[in-house]
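Q: With the input below, show me the fold.
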Amino acid sequence: MIVRSYKSGCVLLLLIFSYSAGYAQEYRKDYRHAKNLFEQGQYSEAMSAFKPLTVYDQQNPFPQYASYYYALSAQRLGYASVAKDMMLQIKKLYPTWDQMNEVNYWLVKIYFDLGEYFQGLFIASQIKDESFHSGLSDLKRVYLAKISDPETLKMILEDYPQEKEAARALVILLGKQPYHLQETELIENLIQKFYLSREQLVSIEALKPNLKESYRIALVMPFLASTLDPSPVKKRNQFVLDLYDGMKMATDSLSKQGIKLELLAYDNERNLQITRRVVGNEELKTADVIVGPLFYEESVPVQEFSLKNQISLIVNPVSTSSESSLNPFSFLYQPSLQTLGIRSAQWVANNVQRKNCMVYYGENTKDSVMASNFISKARELGINIVYVQRVQKEYTATILSTLASATEYDEWKNPTQFKLKKDSIGSIYVASDNELIYSKVINSVETRRDSIIVVGQESWLQDTSVDYAKFERTHVTLAAPNFQAFNSKTYNSFRKKYISMHGNLPPEYASIGYEFIMTIGNILDQFGTNFIQTMPEGFTIPGTLGNGFVWKPSRSNARVPFVTFKGGRLSAMVVD
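A: Residues are numbered from 1 along each chain as shown. The predicted model follows:
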């Protein structure tokens, strides 16, 4: 019996060993298959093949390696979070694994990919093997250079004061700031502490203002010279001629201040083919600023020329629409549509006590942009947007029915109450130049005779069909980037000079052209030809006839005056 039991036990052990060896062989086969998929770049299939091998089993010799390559496959597919979780699981389950340096190295990269720089640097500090240090330095240099916020890099250096690549990235980033804002002492300290090459300062030196004794401003505009005649009749492109007259006067005024400008006039005749010929003129490359061609249809060749030759460009000095955000050398002289909407919301928040507000806007994109930015900012500032309507041309009558449908009358049949209760809202924002829309809003508010304030656009002042007295009675307030105080000393001086030269009062576009060149001339004088890069955010150029220019990083004017009638005269309040 003992002999039989002994023989039976040996047979059982042999069976168990054979069984275990068979399973181990299967694991090896599956692992080789998964590894082949990984090496062939079939990462999705590799993840599926490695997955069952990541589970711990006494017969499975590959759970660490399978987990590692599973994580690498996920990382190659862009599944950074999945890869991170698996690498962290390896660290937790197999802390003494001899490949832990590789795990940590890839964890650093994965954290950097996720933008978790502090955690990535913490893991990097755990890698003591010097053979990894070169690769880690390269990794840090690439990823830390992607950080666009100097304060983040400063915090990294507080936590890791010996982190050379963070110092390098910070020096480069600080060097890209406007020259007037550069932290030169910090830059020098970092260079000396980490023995950084002076090459890192190339971009800093390049961002000093490029000042000149004289500047050239090229005007690519539809002068239509071939159609002009000496008669006093108003020309079809009269506003262009008025702009040019004002610009020439400003050039003369600036020269007396020691700021020398030369205007180069190119007639593109509002023609795309002629515009292409203009940008082929070698002389245009000598310009420091290009203005024009005023109309979007001809702007593409000029945009391309500006970008290729790195020349600052203002497509249209009277436009609030920018079609050129991809060109870093193009900017708006006027506030953008977004700024008009945002500033209007700020004006309402600061000046209207009752926080309920209605919004009307027209069918075009311009109106939609202003309205959406107004609504977003207004809600952020605690204004309750109770009603929004996109008004189609054939449905403008709905404005009257919404605002002025009376429900009660006095003995003389005058409305005393309305479907929309009196004084239930504080303001109405009208994001439109359409006279059919804003006139119905104004007429409705006049009928209501309550405390509603209407906020609109300065273009309404050009509409002679609306009596200015009605603007005053209905508390209309207008965003007016081109407001000029006609009773000011500087405007009176400009007016006298214009009359002496032309024999008539200055038209609106002449004063706009004058103010525009006065502003650009002062910008060039202070910040040079590369002013887009060197002018600090929020810098203000005081106005000559108007309220001035405030530089925004979005390359437009942040200053928006709001005007209202008081005693028959326009008065202004500025929102920056």
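
Q: quick one, what contacts residue 469?
A: Residues near residue 469 by Cβ atoms under 8 Å, 6 or more residues apart in numbering: 565, 568. (C-beta placed from N, C-alpha, C; glycine too.)

Q: What's the separation between it and residue 487?
A: The gap separating residue 469 from residue 487 is 19 Å, by Cβ to Cβ, to the nearest Å.

Q: Could you do residue 101 as well?
A: Going from residue 101 to residue 487 by Cβ to Cβ gives 77 Å.

Q: Between those two, tell me which one has more neighbours.
A: Neighbours were tallied for residue 101 and for residue 487 using other Cβ atoms under 10 Å; the higher tally belongs to residue 101 (15 against 8).

Q: any idea which helix or strand of this protein has the worst average confidence?
A: One helix or strand of the chain scores below all others by mean pLDDT, DSSP states H and E: helix 202-206, with a mean of 48.

Q: State the next helix or strand along the chain beyond it.
A: Proceeding N to C from helix 202-206, the next assigned helix or strand is strand 214-221, under DSSP states H and E.

Q: Going by contacts, tell me the helices and strands next to whichever helix or strand comes after that following strand.
A: Heading C-terminal from strand 214-221, the first helix or strand you meet, by DSSP H and E, is helix 238-255. Under the contact criterion of 3 or more Cβ pairs under 8 Å, 6 or more residues apart in numbering; DSSP states H and E, helix 238-255 touches strand 214-221, strand 260-267, helix 489-502, helix 508-527.

Q: Same list (those) but as CSV, adding mean neighbour count, distance to residue 383 and mean pLDDT.
A: Shown next, in CSV, are the helices and strands packed on helix 238-255 (neighbours: other Cβ atoms under 10 Å; distance: least, Cβ to Cβ, whole Å; pLDDT from 0 to 100):
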stretch, mean neighbour count, distance to residue 383, mean pLDDT
strand 214-221, 22, 41, 97
strand 260-267, 17, 44, 97
helix 489-502, 14, 35, 94
helix 508-527, 24, 32, 96
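
Q: Tell me which of these lies nearest to residue 318.
A: Of all these, helix 508-527 sits nearest to residue 318, with 6.1 Å by Cβ to Cβ.

Q: could you check the angle strand 214-221 makes with the closest one?
A: Interaxial angle, helix 508-527 versus strand 214-221 (axes from the mean of the first three to the mean of the last three Cα atoms, to 10 degrees): 150 degrees.

Q: what separates helix 508-527 from the chain centre, distance-wise?
A: Its chain's C-alpha centre and that of helix 508-527 lie 24 Å apart, by Cα atoms, centre = their mean, to the nearest Å.

Q: cool, stretch 106-119 as well?
A: Taking mean C-alpha positions (Cα atoms, centre = their mean), stretch 106-119 and its chain are 27 Å apart.

Q: Over to stretch 259-270?
A: Relative to where its chain is centred, stretch 259-270 has its mean C-alpha point 30 Å off (Cα atoms, centre = their mean).

Q: Same check on stretch 444-455?
A: Using Cα atoms, centre = their mean, the offset of stretch 444-455 from its chain centre is 35 Å.

Q: Please apply the same query to stretch 524-533.
A: Chain-centre distance of stretch 524-533: 20 Å, with Cα atoms, centre = their mean.

Q: what about the closest residue to residue 507 other than its chain neighbours, how many residues close to it?
A: Spatially, and ignoring its direct neighbours in sequence, residue 507 is nearest to residue 242 (4.7 Å; Cβ to Cβ, 6 or more residues apart in numbering). For residue 242, the count of nearby residues is 21 (other Cβ under 10 Å).

Q: Help me confirm that residue 242 comes into contact with residue 502.
A: No: in this structure residue 242 lies outside contact range of residue 502 using Cβ atoms under 8 Å: 9.7 Å.

Q: Would you mind giving the secondary structure of residue 430?
A: Following DSSP: H, G, I helix; E, B strand; the rest coil, residue 430 is assigned to strand.

Q: For it, give the beta-bridge partners.
A: residue 360 (DSSP bridges).

Q: Please give me every residue in contact with it.
A: Per Cβ under 8 Å, 6+ apart, neighbours of residue 430: 359-361, 437-438, 441, 454-457.

Q: Which one of those is nearest to residue 386?
A: Of the contacts of residue 430, the one sitting nearest to residue 386 (Cβ to Cβ) turns out to be residue 359, at 9.2 Å.

Q: what's the burial count for that closest one?
A: 23.

Q: low-confidence ranges in the stretch 451-576 of the chain?
A: Within the stretch 451-576 of the chain, the segments meeting pLDDT under 70 span 553, 576.

Q: Once you drop chain neighbours, what's closest to residue 428?
A: In this structure, residue 428 finds its nearest non-sequential neighbour in residue 358, 4.7 Å apart by Cβ to Cβ, 6+ apart.

Q: Work out the gap between stretch 472-488 and the centre of the chain.
A: Counting by Cα atoms, centre = their mean, stretch 472-488 comes out at 29 Å from the chain centroid.

Q: send the alpha carbons of that stretch over as CSV?
A: Coordinates of each C-alpha in stretch 472-488 appear next as CSV, following Å, rounded to 0.1, in the frame of the first residue of the first chain:
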residue,chain,number,x,y,z
GLU,A,472,-32.2,112.3,-25.2
ARG,A,473,-35.8,111.6,-24.1
THR,A,474,-35.4,107.9,-24.3
HIS,A,475,-32.0,107.8,-22.5
VAL,A,476,-30.2,106.3,-25.5
THR,A,477,-26.5,105.6,-24.9
LEU,A,478,-24.2,104.7,-27.8
ALA,A,479,-20.9,102.9,-28.0
ALA,A,480,-18.9,105.5,-29.9
PRO,A,481,-15.2,104.6,-30.7
ASN,A,482,-14.9,107.6,-33.0
PHE,A,483,-16.4,110.2,-30.6
GLN,A,484,-14.8,113.6,-30.9
ALA,A,485,-15.6,116.6,-28.6
PHE,A,486,-16.4,119.3,-31.1
ASN,A,487,-16.1,122.0,-28.5
SER,A,488,-12.6,121.1,-27.4
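
Q: tell me, how many neighbours does the closest residue to residue 297 other than its chain neighbours end up with?
A: The spatially closest residue to residue 297, leaving aside those adjacent along the chain, is residue 272, at 6.6 Å (Cβ to Cβ, 6+ apart). Close neighbours of residue 272, defined as other Cβ under 10 Å, add up to 15.
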